[in-house]
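>>> Quick one: sequence plus predicted model below, questions after.
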Amino acid sequence: MTDPSSIERHTFDVVVVGAGGAGLRAAIAAHDAGAKVALVCKSLLGKAHTVMAEGGIAAAMGNVWSEDNWKVHFRDTMRGGKMLNHWRMAQLHAQEAPERVHELEEWGALFDRTPDGLISQRDFGGHRYARLAHVGDRTGLELIRTLQQRAVALGISVFMECTITKLFSDGERVSGAFGYWRESGRFIVFEAPSVVLATGGIGKSYKVTSNSWEYTGDGHALALAAGADLVNMEFVQFHPTGMVWPPSVKGILVTESVRGDGGVLRNSEGRRFMFDYIPEFFKAETADTEEEADRWYNDKTNNRRPPELLPRDEVARAINAEVKAGRGTPHGGVYLDIASRHPAEYIKRRLPSMYHQFKELADVDITAEPMEVGPTCHYVMGGVAVDPDTGESDVPGLYAAGEVAGGMHGSNRLGGNSLSDLLVFGRRAGLNAAYAAARKRERASVSDDDVRAAAEHALAPFSSTGDENPYSVQHDLQEVMHSLVGIIRTAEEMQQALDKLTELRKRTARMSVEGHRQYNPGWHLALDLHNMLLVSECIARAALERTESRGGHTRDDYPATDDTWGTINLLCRLDGDSVNVRQVPLPSMPDELRALFDEK
Amino acid sequence: MGYDLNMKVWRGDATGGELVPYTVPVEEGEVVLDALHRIQATQSGDLAVRWNCKAGKCGSCSAEINGKPRLTCMTRLSTFERGETVTVTPMRTFPIIRDLVTDVSYNFKVAETIPAFAPEKRRDDGTYRMQQEDVERGQEFRKCIECFLCQDVCHVIRDHEENKQAFSGPRFFLRYAELEMHPLDTNDHRKLAQERAGIGLCNITKCCTEVCPEGIKITDNAIIPVKERVVDRSFDPVTWLGRKIFRRDQLPESQTPTLPQD
Amino acid sequence: MAAPTGIQSPSRARIAERTLRTDRWWLAPLVTFIGLTAWVAYATARVFQQDHYWVAEFHYLTPFYSPCVSVACTPEAAHFGTILPDHALIPYAAFSLPFLLLFRLTCYYYRRAYYRSFWLSPPACAVAEPHRKYTGETRLPLILQNFHRYTFYLALVITLINTWDAILAFNGEDGFGIGLGNIILVGNVIMLWCYTLSCHSCRHITGGRLRSFSRHPIRYRWWTFVSKLNTRHMQFAWITLGTLALTDFYIWMLASGTWSDLRFL
């Protein structure tokens, strides 16, 4: 079974791992650049977590507000990330997003329209102007379907339900990848000079999350194991509004569009509490009375934004504080009310999936009663440190795009910037991976010894005689991360978390799985757990190191934002078996961009 | 309030299988998928279930619950009587892989035969102009989450394996309808809809519409309009004559994509 | 015996049951079967009765005999001339009834109803059908279902005639008047219009066939109107069966002298 000659082998120019928005866009770009591309994904094609994105794609097209342009978008993004973003990524992102959206339309996407027939754009937290191209509240589905259909029409080879567990290197650069077919449990080897990671995030390490089972940090861990750096891992975004009831759906996302379209947050006393949580940093641009906030929806020039539309980290912290102060709802959230703000017809038209989701899962009619919401782990800002223009990591031939790449969003991501990130950097990574593959003369090759080692590692849980069940290890890991490295952190708790992670790692060595290799979720989880533990350790170590609060990283013991930390990135690297964290200076932006922040 | 749920879950593979009884402790507000996950975590770690988002948005966890094609993540346990046994089987139209997981590759093969969207040129300012009413019909079809429950319930292939060669199924009639109603598309897809997708095999008995978890009116809004368009092209002498005399309705016929790897 | 197909194909999960549905899935097709059979039986009996179709006093003509074109028709009831010979097997309204029958026979709703309840193809969703082979509507005779739109055009004309009948019925032997019969006739005609205009072919013709609605605003409004009706096509299909039978029965009772009309004016 581990005999390398019996294992299925393929040769490609570019292997893209992950078929969400970034992976699909990368595969299309690499194909367009002339490369022979393999698209490998853990689930069926089109099921990736991108489908869960609801609100829209942020792109300064200026269709609704002609004042909008890439500079404003750039500024919003940097400010939303508390200036810790890689300026070049934020710049490219803001400049190229509009063309990426137009491209989607050319490939068949049907966006909502403005009265003069252009793509409609909606308001979202942290964005100065209505900027999110959208399709009701299912924009992610539209994006993935459009890219999926494009990829199929181009004839790109897709390897569905196939999990990559190891990247190969020939000493200088990446040379391929090793994986297994979920369906049969058989192994597969790809030989390729370029590999693009587009595996998404890490949310499944948390108890309450909006992420699906796939989000086990595979790409993060593969990159670490290949020798790449992870940047900004301490920043994990908790989306302020996830469902809190019933328990089985706790964490499922409630789109920010609810607030973008006029929904307001109230505590159990009926107070719009967000007015009590406007930070100094955003005072100048945030309304301080309900009247001004309500006027803003129709007159953005003369009024300031409602505080419900502050960046996600601010809103999530505020909700957390309200619940802690005993002003929460019976199920431990706060009220998100759109029913009293708009007629039922409007709500059903603008937020059809939300209506459906609450009706079906919680038996709540959002056109008649408020929703109960609370923070849920949603997104990791941290990821593989890449070159902004090419998406290449420190490891030659290894690229990353989308959530698995770091730097773009700094310490906090604005809603809507994720879908545009996927498109902009997915395309860049795909193109550059293809170019690099074309430049390389000799074929990539993988040694039999490496294949055998990878196969033996993958089969280990079957030969183990230990008594640990992977499901209970996962359960305990989620508990640790949720309660000790969650939305509010302290040094003491994170130290505890690190101890527990070491313990969990020992337990994984004793994991055994029942049954055989064919479609065995217990086995799959056992393999994924290694990645989850490794990435969790990065988060905890980086978070312990950063002794300040900023964006998606809030320290109870260091509640203030510290300017000296504002120029420092934390990089994680694997050193043998342990994770090392080091400080590097943040790349500094050119003066003409810096000048944008001096203007009003 | 928690209680014990009696379940029967089909377990097996291509060589055979059976309905295995389980007793699962469940909580109020849970769905069938929660119960299956609890079986995995506490009783049978290798129970094969396909799932992703658990919020009715990805369409992975399709199965048949008490004989009806449904998403297990959207089937609340409160819809059953206390004491009722909940039977879960895999979809019975597709080849079985293991337990509740079926081989749905038929659908992905059909997807490869759907003609690509071929839009007119962009305007000089780089945009397309369409009104909301122009996109709304297509938007309904694009709500599809590809759970393939409509394909599962469709008797044309459920009850007649041999028809899989000539029939694309409701999911893909949505694609034809979408292309045919797309204001920017420049091709005529009716010949393919008739000859490649086999729309004539559909006898509009509407089960696809009944099971669609997204509430898409597949039969009324997609299949029948495509059938009517095929009538325009192939069965209606008056529109045929009109086409010939007035040179109307003269778009080039679309092709299935030719795959470069072949 | 041929190799098993459908849900018993060897590649599929081996489950012996034809369906695992636990609800009363057989009820709906059974009700449809009984309903349609009963209606057809009643209609056939009445059409060949060749009597009691005209209430001379109030000029009520039952839709089952409209237009009355047989030489045997009561002259006052024959608004469009008499052309057909008198024969026990030729209905008096032989120019309309066959086409109305075809209109309903090829109607997208009735197709669903009788394919399910009479032909069991399938009897209900996820319940295996008994037939070994299936070719859908690709061969004769079912390929003729594609001519539904022509029967729609004819049905439009006939509905106009029914409307004309209902208008004429306000002018009886003693001039203008309104009775319960008028209300029933008008109600029936309104429902017939709803059923006819909600037809799927009509929806296609009025605007469904267009690619861009914004370039054809008037047809878009028509299409929107027809689409709203169309969502109730099934309801109208059953309601009109009811109103047709009721209208006919009421006129039969009047014409045979069993009842007398309730007059308001």
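Nice, thanks for sending it over. Numbering: from 1, shown residues only, chains lettered A, B, ... in the order given.

>>> So, low pLDDT: which residues of chain B?
In the predicted model of chain B, residues B:258-262 satisfy pLDDT under 70.

>>> Surely residue A:179 is within a helix?
No: per DSSP: H, G, I helix; E, B strand; the rest coil, residue A:179 lies outside any helix segment and is strand.

>>> residues near it, how many?
Residues within reach of residue A:179, counting by other C-beta atoms under 10 Å in any protein chain shown, total 22. C-betas here are computed from N, CA, C, even on glycine.

>>> tell me the phi and psi of residue A:313?
phi -60, psi -40 (degrees, to the nearest 10).

>>> and what of residue A:239?
Backbone torsions for residue A:239, taken as degrees, to the nearest 10, come to phi -70, psi 130.

>>> Return the distance of the residue nearest to residue C:86 when sequence neighbours are not counted relative to chain A.
Nearest non-adjacent residue to residue C:86, counting by C-beta to C-beta, 6 or more residues apart in numbering or on different chains: residue C:72, 3.8 Å away. If you measure residue C:72 against chain A using C-beta to the nearest C-beta, to the nearest Å, the figure is 57 Å.

>>> Then residue C:177?
Counting by C-beta to the nearest C-beta, the gap from residue C:177 to chain A is 45 Å.

>>> Assess the claim that that residue and residue C:262 are in contact.
No: Residue C:177 lies out of contact with residue C:262 (C-beta atoms under 8 Å); the separation is 11.6 Å.

>>> out of these two, which sits in the more crowded spot?
Set residue C:177 next to residue C:262 and count neighbours by other C-beta under 10 Å: residue C:177 wins out with 19 against 9.

>>> In contact with that one, which residues?
Residues near residue C:177 by C-beta atoms under 8 Å, 6 or more residues apart in numbering or on different chains: C:58, C:170, C:263, C:265.

>>> Let me see the ranges of the helices in chain C.
C:27-47, C:97-105, C:108-117, C:148-168, C:180-197, C:200-203, C:217-230, C:233-255 (DSSP state H).

>>> Quick one: list the elements packing against the fifth one.
Contact analysis of helix C:180-197 by 3 or more C-beta pairs under 8 Å, 6 or more residues apart in numbering or on different chains; DSSP states H and E lists helix C:148-168, helix C:217-230, helix C:233-255 as its packing neighbours.

>>> Residue A:83 - how many residues pack around it?
Neighbourhood size, residue A:83 [other C-beta under 10 Å]: 21.

>>> hang on, the earlier thing: for the residue nearest to residue C:86, which residues are in contact?
C:50, C:82, C:86, C:92.

>>> mind redoing it with 10 Å?
Neighbour list for residue C:72: C:50, C:51, C:78, C:82, C:84, C:85, C:86, C:87, C:90, C:92 [criterion: C-beta atoms under 10 Å, 6 or more residues apart in numbering or on different chains].

>>> same question, residue C:241
Neighbours of residue C:241 in contact, by C-beta under 10 Å, 6+ apart: C:35, C:36, C:38, C:39, C:40, C:42, C:43, C:104, C:110, C:191, C:195.

>>> any idea how far residue C:198 is from the fourth one?
Translated: residue C:39. Separation of residue C:39 from residue C:198 (C-beta to C-beta, to the nearest Å) stands at 19 Å.

>>> shouldn't residue A:401 be in contact with residue A:387?
No: using C-beta atoms under 10 Å, residue A:401 makes no contact with residue A:387, being 11.6 Å away.

>>> Any residue of the host helix or strand of residue A:38 touching chain B?
Taking DSSP states H and E as the criterion, residue A:38 maps to strand A:37-40. No: using C-beta under 10 Å from any C-beta of the partner chain, strand A:37-40 never reaches chain B; the gap is at least 10.8 Å.

>>> avg pLDDT for that strand?
Average pLDDT, strand A:37-40: 98.

>>> Tell me who's in contact with residue A:362.
A:243, A:244, A:245, A:246, A:248, A:249, A:252, A:331, A:371, A:372, B:29, B:76.

>>> nearest residue to the third one other than its sequence neighbours?
Just to be clear, that refers to residue A:245. residue A:331 (4.0 Å).

>>> Who has more neighbours out of residue C:39 and residue C:198?
More crowded of residue C:39 and residue C:198, by other C-beta under 10 Å: residue C:198, with 23 against 15.

>>> List the residues that contact the more buried one.
Shown in contact with residue C:198 (C-beta under 10 Å, 6+ apart): C:109, C:225-237.

>>> which one of these sits closest to chain A?
residue C:228 (15.1 Å; C-beta to the nearest C-beta).

>>> what's around that closest one, how many residues?
The tally of other residues near residue C:228 (other C-beta under 10 Å) stands at 10.

>>> That one: what's it in contact with?
Contacts of residue C:228 (C-beta under 10 Å, 6+ apart): residue C:198.

>>> Pairing-wise in the sheet, spell out the partners of residue A:236.
Under DSSP bridges, the beta-bridge partners of residue A:236 are residue A:380.

>>> tally of neighbours for the residue of the stretch 51-200 of chain C found nearest chain A?
As assessed by C-beta to the nearest C-beta, chain A sits closest to residue C:125 within the stretch 51-200 of chain C, at 19.7 Å. Residue C:125 has 24 neighbouring residues, counting by other C-beta under 10 Å.

>>> Tell me if I'm right that it and residue B:69 touch.
Yes: Residue C:125 lies in contact with residue B:69 (C-beta under 10 Å); the separation is 7.7 Å.

>>> which neighbours do those two share?
With C-beta under 10 Å, 6+ apart as the test, residue C:125 and residue B:69 both reach B:152, B:153, B:154, B:158, B:207, B:208, B:210, B:211.
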